[in-house]
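Novice: Below are the sequence and a predicted model for it; my questions follow.
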There are 2 protein chains.
Amino acid sequence: MLVSIPRGFRDFPPPFMILRKRVMERVEEIFKRYGFDPFDTPILELWETVKGKLGEETENRLMFIFPDFLSKEWYALRYELTFPLARYIAMHPETPLPFKRYHIGRVWRHEEPQKGRYREFWQCDADIVGSPCPEADAEIVKLNIEVMRTFGFRRYVVKINDRRLLTGIFEEELGIAKPAPVYRSIDKLDKIGEAGVRAELLAKGMNSHLVDKIINLTRIRGRFEEVYEDLRDISNEKVKTALDHLGSIFGIIEDDKLIFDLSLVRGLEYYTGPVFETIVKEPKIGSLAGGGRYDKLIGLYSGKDVPATGASIGIERLIDAGLELGILSLRDKSYIQVFVVSVKRDSWRYAWKVAEFLRKEGFYVSLDLMRRSQSNQREYARKLGAKVIVFVGPKEKDKRSVTIYSNGIRRTVSLENAARTINEVIS
Amino acid sequence: MLVSIPRGFRDFPPPFMILRKRVMERVEEIFKRYGFDPFDTPILELWETVKGKLGEETENRLMFIFPDFLSKEWYALRYELTFPLARYIAMHPETPLPFKRYHIGRVWRHEEPQKGRYREFWQCDADIVGSPCPEADAEIVKLNIEVMRTFGFRRYVVKINDRRLLTGIFEEELGIAKPAPVYRSIDKLDKIGEAGVRAELLAKGMNSHLVDKIINLTRIRGRFEEVYEDLRDISNEKVKTALDHLGSIFGIIEDDKLIFDLSLVRGLEYYTGPVFETIVKEPKIGSLAGGGRYDKLIGLYSGKDVPATGASIGIERLIDAGLELGILSLRDKSYIQVFVVSVKRDSWRYAWKVAEFLRKEGFYVSLDLMRRSQSNQREYARKLGAKVIVFVGPKEKDKRSVTIYSNGIRRTVSLENAARTINEVIS
């Protein structure tokens, strides 16, 4: 019999779930401290409301879209978490603004599965809807830095750019009528290097003088003051607005991790202002998080624009990077702290009472459910990694005591003192 | 512009998510205390591995099944959480047994939406794979009682029956060759009453003598000792095994909430032993949880049977019942505890510092991101239900102090003492 699951999808047995839950809880705690509230949406959106919004390539090649035979409707699996938020705000214009929500949930993409890339994966998004001010973008950037710091990442940067700079410079100043292919090449700078970008642009038929200018522009990166020197003389309205906005963000953040980078483009077409990406230098895994401002997206649904900004943290990449750097680990096989071993068959009822007692005290407790021998119970407890074994036999039963074993030390104490002793042993 | 979501699906804005998360965390904590570990599976299963296992009605009318145009495979949305577990165990025979996992996740059913019934909803399942012993069933029943107790439900029972009793009595003793229609009628006893069940059975062409016998049997309910008296004389092997098994479960549980009920059938076809259901007397919402033993399900995938037992808690019903009884509430609009109001525009940078400081101290803090007036900031904080407002103006900035306001009381303290004062105010 051949049993399997869909390609690019995964089961999560306890060691993986324990790690994922820990990671998500830490991210969530940061979101909460910054005043964000939880939010969720269906995994299915009506294809009717999605189509035409995510770009042809995405819609034709990356989205799970299907007809529902029972309702006769077409559905799309949630591709990311920003669109559902925009759709929600369009449906609920009464929402008090700014609306600061976080959304931890799965998304589905029909990618070719490879190391670190799946068809079903989790995103942790935080967005602020309603504020056009750089303070909102700054809070999102701060949140991203806080996440990296909390997990103990050291060698990373948060790159920032602004879509209005790209438009103002490449389209309006350099007069490039179709900038999308140029942006796509620039976006590969980290992967293919300057020579690669140059070759691509020439191959696209651009003249070498213009290509030189573009390459020079992509070199503009660093602290805001330096970059400002390079760009301040451009008297383009979009460029001036963007520099103002970015200047305010840098002024609030005051952190060396934030770096301006004119070569940062980001794929999604809905960004209208600042864009940012968190990149670790090691391992070479790409960006762990990214986002930006999208002031026109909600208007696509409601006809009325509402300014918004946000970022998405890729949980699988954060976990993969954290595991490689040794700042995360899969060592915990189980939540179980205490395993109660019934030494003889006639002490099993007392073993149940002991387990009940310890559960009430707040411990995570398991005990034999298979009528196994003492040694088989111990072997099982060892496999699960229980830190404490509580032995219960006829002697313990008679005296209402327990024998607590951990790390080679064995102590018999009264049941009433068991919790205190176990706490000492665990800590 | 008409924007909507699929019928029977829901968005969850913060007040709903805050309640749901609280409920799920409490359930999860109980699961952990009983030694269960977290587990998750894809939302999609290969239709190939599902079909033929859930019964025709479910597969034709209740499951979301669709072709994936990109992979050319047929997928099914997860209908419940037991099948994915069985499929996982079949794929991972190396899993140490017993495998005690909990799974909190969404499932999808193409039901006709109505009050308390949705097409997308959450289940919290706890299962024990590997043990044929009544101890395992007892632990699952105990877990269910513990959940009800923790949430403060009072008027409820956990009904228990055993599939082998049904088979042994109705099929073997009464010689009913096709018992399924009989079971379906019996299962409606609570809804349509004895007269209704009698009418249905007669309409199905059964003779009235047999119907009398059946009606008498469905009256067998109560404490195990009483029921045992009624059934002990039946010398049927299945009945004897079931009574033994149930006797052991009652012996372990020792709780008035556990009631034997021969009319309890439960829909799913895969049960092979004890079945149970948690039912609240008020409101009339049906069962909040249910489950049973399914020793043949894993074998459907692997060809090799592995005993298993478990239960599923329906989160939406638990929440709906809890809200109606007033033991749960939707009062919290936001997690935010503290809102920092910048009194004048030139104190906003200090307001950011204060917010940062309080976040480091562990508070959930928001502040103005819209350059609003003081009164608009306060109005927004009030809407979110922030318990504490921290005012920051030029005076506070100069003295590195904050003015803390809550419940009509206003106190100005140094920033260093802010956390302590806020904790006093909150508690």
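Specialist: Yep, that arrived.
Novice: ok, and for the lengthiest helix in chain A, which residues are buried?
Specialist: Scanning chain A for the longest helix, with DSSP state H as the assignment, gives helix A:14-33. By 16 or more other C-beta atoms under 10 Å in any protein chain shown, the buried positions in helix A:14-33 come out as A:14-21, A:23-24, A:27-28, A:30-33. For every residue, glycine as well, the C-beta is placed using N, CA and C.
Novice: neighbouring contacts of the helix or strand that that helix is followed by?
Specialist: Next helix or strand after helix A:14-33 toward the C-terminus (DSSP states H and E): strand A:37-38. The contact list for strand A:37-38 (C-beta atoms under 8 Å, 6 or more residues apart in numbering or on different chains) reads A:28, A:100-104, B:12, B:14, B:17-18, B:21, B:334-336.
Novice: same thing but 7 Å
Specialist: Under the contact criterion C-beta atoms under 7 Å, 6 or more residues apart in numbering or on different chains, strand A:37-38 has outside partners A:100-102, B:14, B:17-18, B:21, B:334-335.
Novice: And stretch A:420-427, by the same measure?
Specialist: By C-beta under 7 Å, 6+ apart, the residues outside stretch A:420-427 that reach it are A:337-338, A:363, A:387-388, A:404, A:406, A:411, A:413.
Novice: ditto for stretch A:277-293
Specialist: With contact meaning C-beta under 7 Å, 6+ apart, stretch A:277-293 is reached by A:116, A:137, A:140, A:144, A:148, A:153, A:155-159, A:264, A:266, A:271-276, A:309-314, A:317-318, A:320-321, A:324.
Novice: Report the inter-axis angle for the longest helix of chain A versus helix B:14-33.
Specialist: 140 degrees (axes from the mean of the first three to the mean of the last three C-alpha atoms, to 10 degrees).
Novice: Summarise which helices and strands helix A:14-33 is packed against.
Specialist: Here helix A:14-33 touches strand A:99-108, strand A:120-129, helix A:134-151, helix A:315-325, strand B:37-38, going by 3 or more C-beta pairs under 7 Å, 6 or more residues apart in numbering or on different chains; DSSP states H and E.
Novice: Okay, domains of chain A per the record?
Specialist: Following automatic domain parsing, chain A resolves into domains at A:14-43+A:78-325, A:338-426.
Novice: Local confidence estimate at the nearest residue to A:Ile30 once chain neighbours are set aside?
Specialist: Spatially, and ignoring its direct neighbours in sequence, A:Ile30 is nearest to A:Glu146 (5.3 Å; C-beta to C-beta, 6 or more residues apart in numbering or on different chains). pLDDT for A:Glu146: 97.
Novice: before we move on, back to that, give me the mean pLDDT for the longest helix of chain A.
Specialist: So the average pLDDT for helix A:14-33 ends up being 98.
Novice: Run through who's touching that helix.
Specialist: A:12, A:102, A:104, A:124, A:126, A:143, A:146-147, A:150, A:313, A:315, A:318-319, A:328, A:330, A:332-335, B:37-40, B:101, B:335, B:359, B:364-365.
Novice: Quick check: which ranges of the stretch 301-427 of chain A have low pLDDT?
Specialist: Within the stretch 301-427 of chain A, no stretch has pLDDT under 70.
Novice: Pick out the residue in the stretch 151-300 of chain A sitting closest to chain B.
Specialist: Ranked by C-beta to the nearest C-beta, the top residue of the stretch 151-300 of chain A for proximity to chain B is A:Ile252, at 6.6 Å.
Novice: Quickly find the element holding that residue.
Specialist: Going by DSSP H and E, A:Ile252 is in helix A:237-253.
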